[in-house]
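Give me the fold of what follows.
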Amino acid sequence: MAEPFEYAIKKDVRNNPIVREVDEARQRDMWKSVGVAGFLVLVLLFSAWQHFELLRHGVPDRGAAARARRRGGNRAAAARSRSKR
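Numbering: from 1, shown residues only. Alright, predicted model coming up:
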């Protein structure tokens with residue numbers, strides 16, 4: 001069986017890859033965002049490192065003492081002072 005005429009002719013197809021130009025403003029914005037995010041991660045890591053070093057060396061959490069004072073402080077000491085009256 002013979003091929004139809006249009007399939008018998010080899011078609012010249014340009015298959016060149018598309019080359020896009022680099023958008024300088026977009027690249028600058030991306031690197032600026034990466035820099036800010038990296039800085040925030042470093043600040044967070046430094047803060048966490050200081051916090052866990054303080055806990056490791058036995059320094060009490062200042063927030064826990066303030067919360068205890070707001071709740072009524074040392075309840076045992078308060079009970080003793082009430083019983084002395």
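
CA atoms only for whichever helix or strand Ala65 is part of - export them in PDB, please.
Taking DSSP states H and E as the criterion, Ala65 maps to helix 62-71. In PDB, the C-alpha atoms belonging to helix 62-71 read as follows (Å, rounded to 0.1, in the frame of the first residue of the first chain):
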ATOM      1  CA  ARG A  62      13.300  33.900  84.200                       C
ATOM      2  CA  GLY A  63       9.800  33.500  82.700                       C
ATOM      3  CA  ALA A  64       9.000  30.600  85.000                       C
ATOM      4  CA  ALA A  65       9.800  32.800  88.100                       C
ATOM      5  CA  ALA A  66       7.600  35.600  86.800                       C
ATOM      6  CA  ARG A  67       4.700  33.300  86.100                       C
ATOM      7  CA  ALA A  68       5.100  31.800  89.600                       C
ATOM      8  CA  ARG A  69       5.000  35.300  91.200                       C
ATOM      9  CA  ARG A  70       1.800  36.200  89.200                       C
ATOM     10  CA  ARG A  71       0.100  33.000  90.400                       C
END
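
as a whole number, average confidence for that helix?
Mean pLDDT, helix 62-71: 73.

Show me where the protein dips below the pLDDT cut-off.
1-9, 60-62, 73-85 (pLDDT under 70).

what are the ranges of the helices in this protein?
Here the chain has its helices, by DSSP state H, at 5-8, 24-56, 62-71, 75-84.
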